[in-house]
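Just the structure for this:
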Amino acid sequence: MKLLILGGTIFLGRHIVEAALARDHEITLFNRGQHNADLFPQVEKIHGDRTSDLSPLAGRRWDAVIDTCGYVPRHVRASTEFLAGQVDHYTFISSISVYPDFTQPNIDEDAPVGTLADPTVEEITGETYGPLKALCEQAAEEAMPGQVLNIRPGLIVGPFDPSDRFTYWPQRVKRAGEILAPGDPQQFVQFVDARDLASWIVAMVEKRKTGIYNATGPAQPLAMQDFLAACQHVTQDNVMFTWVAEEFLLAQEVGPFVEMPLWVPASEAGLDQVNCAKAIGDGLTFRAIEETIDDTLAWQTTRPADVALRAGLAPERESALLAAWHQSLQK
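Next up is the predicted model:
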């Protein structure tokens, strides 16, 4: 197939390119050339800004488009309308953040999505990100009805993850010592290795699949304590996990999901119990968690030694929280 990929050099995008090349597809990348410009020297690269000028794509023909970098509906609408006569299929990478209510588990693709009081808003914040993604989905479908595949991933993890929301845990366990573990050990966590997601997306494009798919994992429920045990197994370090109550974390204003990766309050636990049966039924599979942990650690060693993780507790913050927790137990 001839594939046009919007983006394609950052995290999921680069894994999609690698998956497509492994399946002998002909790739064209369209991006600004500002990130990892030396990647994929064997593929065609067209530099341009999808937010302002799509003219470099005029007069060309591809079998399908994979849009990895759409965040504002105006831009996605412009892309789909411009390419509607040049492609047969459009894949948009959305997010499970389109769902506004995670108080209940088992959210499937038919659940309501978030809305904005002012749908013309384009500033991306924690509050607007999900509704904007939902509007992007709608814009694509309106421009190319019946030809769009909307993928709603959960937390995407693995090598080259710029968010560090997964990397924090293997790296922290490797550092050993007493580790602050959040909330209920039995609370579920969900994530998907970018390589598994990328391979599945390419396979779905090959089949010309359309519609909406939640896409996260693993296939079976995974408790936080089992995930941390897997981190310990991979690193083979002698650590002690100290489970700290949710009420304490909230009182200490510990930020869910970013400052304390993979953890959300029990009232929002539906975020990690999203129903992905549709995607799994259509071929989404998951590698062993230990492989993702091991490969993430290996990638982490290639980064500068002094790189500051963008997520997770700073060592001083963790030490202070642990000391306060132990003191609270003595009262």
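
residue ranges for the helices of this structure, please.
For the chain, the helices defined by DSSP state H cover 12-22, 73-83, 129-143, 168-175, 194-206, 224-235, 246-251, 277-281, 289-300, 315-329.

So which residues lie in contact with the second one, not counting its own?
For helix 73-83, contacts defined as CB atoms under 8 Å, 6 or more residues apart in numbering pick out 4, 6, 50-51, 54, 57, 62, 65, 67, 70, 90, 92, 119, 122, 132, 135-136, 138-140, 142-144, 148. No exception for glycine: its C-beta is placed from N, CA and C like everyone else's.

List the buried residues in that helix.
P73, H75, V76, R77, A78, S79, T80, F82, L83 (16 or more other CB atoms under 10 Å).

Going by distance to D193, which of these wins?
V76 (25.8 Å; CB to CB).

Can you give the domain ranges for this protein?
2-153, 168-189+220-272+288-329 (automatic domain parsing).

Mean neighbour count, those domains: which tops it?
Most buried of the domains of the chain, by mean neighbour count (mean count of other CB atoms under 10 Å): domain 2-153, with a mean of 18.

what distance separates that domain from the middle of the whole chain?
13 Å (CA atoms, centre = their mean, to the nearest Å).

coming back round to it: right, so of the domains of the chain, which gets closest to G211?
domain 2-153 (6.8 Å).

Check the separation of the first and last residues in that closest one.
24 Å (CA to CA, to the nearest Å).

these two touch, right, T285 and D196?
Yes: using CB atoms under 8 Å, T285 is in contact with D196, at 6.4 Å.

So for the two, which residue has more residues nearby?
D196 (23 against 12; other CB atoms under 10 Å).

Unless I'm misreading it, the more buried one sits right up against R287, doesn't it?
Yes: if you go by CB under 8 Å, D196 and R287 touch, sitting 5.9 Å apart.

State the distance from P315 to R172.
Applying CB to CB, to the nearest Å, the value for P315 to R172 is 9 Å.

what do you get for M240?
M240 is 12 Å from R172, by CB to CB.

Nearest residue to the most centrally placed residue in the chain in space, please, no chain neighbours.
Against the mean C-alpha coordinate of the chain, by CA atoms, centre = their mean, the closest residue is I156 at 3.0 Å. Nearest non-adjacent residue to I156, counting by CB to CB, 6 or more residues apart in numbering: A194, 5.0 Å away.

what number of residues lie near that neighbour?
Neighbour number of A194 under other CB under 10 Å is 25.

Same question for the one 5 residues further on.
By other CB under 10 Å, 22 other residues sit near S199.

dump the residue contacts of the residue nearest to it when sequence neighbours are not counted.
Of all residues not flanking S199 in the chain, A19 sits nearest, at 4.6 Å (CB to CB, 6+ apart). Each residue near A19 by CB under 8 Å, 6+ apart is listed here: R195, A198, S199, I201, V202.
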